[in-house]
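J.: Here is a sequence together with a model predicted from it:
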Amino acid sequence: MHDGPEPVDWQGAPLDCAACRFRDRRALGQCGQGWACVHDRYAKRIERFFLLNPELADACLSMPYFETRMNAARVASVFRLQRLLSDADPGVRAMAILRLPRKHAERRIKDPDRRVRIAVAHRLPQDQLLPMTADEDSYVRSIVARRAAPGMLPVMIPDPDPEIRRIVARRIGPDWLDRFRADPDPLVRRAAAERRPGLFVTDDDLRVRHTVAETGSADDARALLDDPEDIIRETAATRLAQLKEEA
């Protein structure tokens with residue numbers, strides 16, 4: 001039964017099982033046109049072939065179709081993957097990085113393709129992530145912001161992407177949170193206010209002050225009892241009552 005498009009090879013030519021070096025697998029029910037084939041153009045069929053025949057992956061790491069090399073790299077011996085760090089296809093390079101020991105990721109830290117650098121950002125040891133804090137791709141930097149040790153995060157405080165600054169505000173050492181008081185994005189300031197409410201009592205944005213009213217100290221709550229917004233005053237009063245009950 002066919003699964004997906006008509007079975008053709010990676011160049012669009014008809015498949016020829018008789019010419020395949022793995023043709024004996026067909027009689028064993030471990031491959032077949034239309035559902036599991038190492039020569040098919042359809043990636044799912046290639047993946048299924050290696051799921052059924054993982055021991056053949058090492059022999060397929062040099063095949064011309066990148067999908068074949070990438071799927072072979074998923075299950076091939078780790079000892080055969082190092083040369084794939086220089087593969088012409090970024091997906092293959094990324095797969096090699098994800099499977100090889102972490103020390104190899106540093107070799108591709110300046111890879112021109114973001115998919116590879118994303119893999120590098122996931123694999124590099126925490127103490128080697130500093131060069132990637134300035135990566136040109138915001139998704140790469142977001143991974144770095146989530147993984148880096150808090151002591152490395154101050155260099156990311158001025159990141160141009162507000163979502164990354166929010167991640168930094170949630171993870172950075174508390175002594176650095178005052179640097180976010182002037183952040184232009186209120187959601188970044190709110191993330192910082194969740195950790196040090198007192199710094200943001202006079203913030204211009206209602207959402208930030210509401211966070212202070214919900215989580216701040218008694219002094220913070222009292223400072224907001226005269227806020228111009230009804231919801232802030234009500235939340236501050238509720239917070240004061242809560243703190244009195246807990247005392």
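T.: Received, thanks.

J.: Going by C-alpha atoms from here, please, whenever you check contacts or count neighbours.
T.: Fine.

J.: ok, now how distant is D9 from S138?
T.: 36 Å (C-alpha to C-alpha, to the nearest Å).

J.: Repeat that for A218.
T.: 39 Å.

J.: Can you report how many residues lie near the nearest residue to Q30 once chain neighbours are set aside?
T.: In this structure, Q30 finds its nearest non-sequential neighbour in L52, 5.8 Å apart by C-alpha to C-alpha, 6 or more residues apart in numbering. L52 has 14 neighbouring residues, counting by other C-alpha atoms under 10 Å.

J.: what do you get for E246?
T.: Neighbour tally, E246, other C-alpha under 10 Å: 7.

J.: try P112
T.: Applying other C-alpha under 10 Å, I find that P112 has 10 neighbouring residues.

J.: Can you give me the domain boundaries for this protein?
T.: 1-76, 173-247 (automatic domain parsing).

J.: center of this structure, which residue is that?
T.: The centroid of the chain falls nearest to I143 when counting by C-alpha atoms, centre = their mean (5.0 Å).

J.: elements contacting the helix or strand hosting that residue?
T.: Element membership for I143, per DSSP states H and E: helix 138-147. If you count contacts as 3 or more C-alpha pairs under 8 Å, 6 or more residues apart in numbering; DSSP states H and E, helix 138-147 packs onto helix 114-123, helix 162-171.

J.: Now tabulate the domains of the chain in TSV and tack on mean pLDDT.
T.: Formatted as TSV, those follow (pLDDT from 0 to 100):
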stretch	mean pLDDT
domain 1-76	95
domain 173-247	97
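
J.: Can I get these in a markdown table including distance to E163?
T.: Listed next are those as a markdown table, based on distance: least, C-alpha to C-alpha, whole Å:
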| stretch | distance to E163 |
| --- | --- |
| domain 1-76 | 32 |
| domain 173-247 | 8 |
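
J.: Out of those domains, the one nearest A96 is which?
T.: domain 1-76 (6.6 Å; C-alpha to C-alpha).

J.: re earlier: need the contact list for the residue nearest to the centre of the chain.
T.: Applying C-alpha atoms under 8 Å, 6 or more residues apart in numbering to I143 gives the contacts I118, A121, H122.

J.: Most neighbours among the residues you listed, please name it.
T.: A121 (28 neighbours).

J.: hang on, isn't that one packed against S142?
T.: No. Applying C-alpha atoms under 8 Å as the test, A121 and S142 come out as separate, 9.3 Å apart.

J.: circling back: please render the helices and strands packed on helix 138-147 as a markdown table that adds mean pLDDT to the earlier fields.
T.: A markdown table is the format used below for these (pLDDT from 0 to 100):
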| stretch | mean pLDDT |
| --- | --- |
| helix 114-123 | 98 |
| helix 162-171 | 98 |
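
J.: Those helices into JSON lines, with extra columns for distance to A223?
T.: As requested, the helices and strands packed on helix 138-147 are exported to JSON lines (distance: least, C-alpha to C-alpha, whole Å):
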{"stretch": "helix 114-123", "distance to A223": "43"}
{"stretch": "helix 162-171", "distance to A223": "24"}
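
J.: mind checking which of these is nearest A43?
T.: Among the helices and strands packed on helix 138-147, helix 114-123 sits nearest to A43 (C-alpha to C-alpha), with 17.9 Å.

J.: in terms of contact count, name the helices or strands touching that closest one.
T.: helix 90-99, helix 138-147.

J.: These into CSV, with extra columns for distance to P131 and mean pLDDT?
T.: Formatted as CSV, those follow (distance: least, C-alpha to C-alpha, whole Å; pLDDT from 0 to 100):
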stretch, distance to P131, mean pLDDT
helix 90-99, 17, 98
helix 138-147, 10, 98
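
J.: If I follow the layout properly, R25 ends up in contact with C37?
T.: No. In this structure, R25 is not within contact of C37 by C-alpha under 8 Å, at 10.0 Å.

J.: So which of those two has more stuff around it?
T.: C37 (29 against 15).

J.: Next up, the contacts around the more buried one.
T.: C31, R45, I46, R48, F49.
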